[in-house]
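A.B. asks: how does the following fold in three dimensions:
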Amino acid sequence: MLGGSFWIAALRNTISIGLMMGFFLMLDRPKFSMKKTIYCYIGSGGALIAAYSLWYLLGTSSFVRYSGLSSLLVVGIFCGAMSGEAVYLSLYKMGVAFYLLSVCVFCGVDVSRWWFGGNVWVDILVRAFCLGVILLVTWKKLRKLFLGGVDFLMEEMDMYSAVTLLISVMIGAVVAYWPNLQGFSIFNMVRAFVTLFMAGVLQYTIFHLYIHLGYEHYYQAEKELLEMNEKLLRGQMELMRESEKEAARIYHDARHHMLLIQEYAQKKEFDELLAYLMQYGEDIENQRVTYICGNRAVNSILSAYARKARNKGIQVEMDVKVGEGLNIRDVDWIAILANIFENAIHGCEDSGLEQQEINIYIAQKGNKAVIRFSNTSTKKVSFRKGLPKSDRGGGLGAGSIQKAASRYGGEATFEQEDGKFVTKVLLYLLEEPCPARQTVQAPGD
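C.D. replies: Numbers count the residues shown, from 1 in each chain. As a prediction, this is how the structure comes out:
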C-alpha cells in the first residue's frame, strides 16, 4: 500500500470492488432479473466502497493488513447469494476474480514503486488500466466461452476441485496482501510474479480441463443417443418388412376371397355370404395397425417398444394425446420415451410377477407436454441425487432423460410407490427449444 488521502483510498476501493463484482456478474446467471441484479450490485458496491474507505480513515494499519483478504469473504458472500448457480461455480468465479484483483494490485503498486518512486496516481492509473483491460477481455472473449460451457463446469466440479481452486487463489493472495511481505525488493517482485503466474496457469488449466471433460461426456452421450436411434430405426424397418409381407399375403388372398364371394352371390346363398363378410371384416379389423397419436416420432417410438413389451408378455396401456407441430426434436423424443420405455420393460421383467403392465400417459396442456410412465416394480430401487441407480450400466438412463428435459426448461422425477415405478417428465413447448450446448464453441476456436 502506497498510502494517500481518504479519496485516494476511495478510488482504490472503487477499482477493487468494481473489478470483483463486475467480473463475477459478467460470468454469472443471476437468480433475479438482470435489472434488479444490477441495482443490487450498484447499491451493495457503493456501500462496500464507503465502508472500506471509512475503515481506511479510522484504522489505516489494520486496513492495509486485512482489507484485501476480507474483501474475498464479503464480496464472495454477496455475489454467491445473488447467483442462481451452484455454490461450486460461485466459488470458482470468485476465486478467479480475487486472483485478478491480486494481479491488479501487484501491477499498480510495483510499477509505481519501481519506476515512479511510489507515486499514488501512477498506482491508481495502472489499476484503472488493468481494470479496463480485464473487464473488456472478459466481456469480449471469456464471457461467451464461459457461459457456453458453464453446464459442463457445474456437472464436473465437486468440493475437491473447488477447494483446490481456492487454495491456488489464496497462494496468490498471500503474495499480494500478507502482512510483512510487502517490502519493495527485486526478490519480492520476482517471487510475486512467479507465484501469480503459476496460480494463473493453474486456474486456466483447470477451467479448460473441465470444459474438455464436459465435451467428452457430451459427445459420448450424443453417440449413445445415435446408437439408440439406430436401434429404433432397425426395429421400425423390421416392422415395415413384416407389413410388406402381410400386404403381399392379403393381396394374394384377395383373389380367393373375391371368387368365394362371387360363388355365394351366384348361388344366392345370402346368409352364408353375410356370415362370411362379417368374419372377413373381423379378421381385417384385428390386423389393422394400431393408431396411437398424430405425432409420427412419438407414434413410431411407442409402437416399436409396445410391440417389444407385448412380445415379452407385458400388458401396455396408452393414453397419448399429442400431435405434429411440437417444437421438440425427434432425438429428444427418443432420449426421453425410448429410455423410459426401455427401463419400464426391464422393471417389469425384474419384478418376477406373472401380471406385468406398463401404463403411459402423454398429453399437451397449453405450452407444456406432460409425460407419465408407470410400470410394475417390486425390486427396491436406490436413488442418488434424485436419479435411480442402475445395476445394468451401459446406457444413458435417467440422466439422459433429465438432460433432454432440461433442454426445454423442464424436469424429470422418478419415484417408487405401491409396487409401481413412476417416471414423470414435464417439457415447456417454447417457440425455439433451448440451444443447450449446440452453440458452444470448443475452447481454442
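A.B. asks: mind giving me the domain ranges of this structure?
C.D. replies: According to automatic domain parsing, the chain is divided into the following domains: 6-222, 297-428.
A.B. asks: what's the least confident stretch among those?
C.D. replies: Ranked by mean pLDDT, those bottom out at domain 6-222, which scores a mean of 82.
A.B. asks: give me the distance between the two termini of it.
C.D. replies: End-to-end span of domain 6-222 (Cα to Cα, to the nearest Å): 58 Å.
A.B. asks: re the thing from before, make a markdown table out of the domains of the chain and add mean neighbour count.
C.D. replies: Heads up, the C-betas are built off the backbone N, CA and C, glycines and all. Shown next, in a markdown table, are the domains of the chain (neighbours: other Cβ atoms under 10 Å):
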| stretch | mean neighbour count |
| --- | --- |
| domain 6-222 | 17 |
| domain 297-428 | 17 |
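A.B. asks: ok, the residue positioned nearest the centre of the chain to S406 distance?
C.D. replies: In the chain, the centroid-proximal residue (Cα atoms, centre = their mean) is D151; its distance is 4.7 Å. The gap separating D151 from S406 is 9 Å, by Cβ to Cβ, to the nearest Å.
A.B. asks: do the same with A199
C.D. replies: Distance from A199 to S406, by Cβ to Cβ: 34 Å.
A.B. asks: quick one: contacts for the closest residue to S382 other than its chain neighbours?
C.D. replies: Nearest residue to S382, sequence neighbours excluded (Cβ to Cβ, 6 or more residues apart in numbering): K389, at 4.6 Å. Counting by Cβ atoms under 8 Å, 6 or more residues apart in numbering, K389 makes contact with 381-383.
A.B. asks: likewise for G313?
C.D. replies: Counted by Cβ under 8 Å, 6+ apart, G313 has contacts Q356.
A.B. asks: tell me the secondary structure for it?
C.D. replies: coil (DSSP: H, G, I helix; E, B strand; the rest coil).
A.B. asks: go on, the one 5 residues further on?
C.D. replies: With three-state DSSP as the basis, the three-state label of M318 is strand.
A.B. asks: quick check: it touching N299?
C.D. replies: No - under the criterion of Cβ atoms under 8 Å, M318 is not in contact with N299, lying 10.4 Å apart.
A.B. asks: quick check: neighbours shared by the two?
C.D. replies: Counting by Cβ under 8 Å, 6+ apart, the shared contacts of M318 and N299 are I292.
A.B. asks: for the residue nearest to L302 when sequence neighbours are not counted, grab the count of nearby residues.
C.D. replies: Leaving aside its chain neighbours, L302 sits nearest to I292 (5.2 Å; criterion: Cβ to Cβ, 6+ apart). I292 is flanked by 19 other residues according to other Cβ atoms under 10 Å.
A.B. asks: wasn't I292 part of a helix?
C.D. replies: No - under three-state DSSP, I292 falls outside any helix and is assigned coil.
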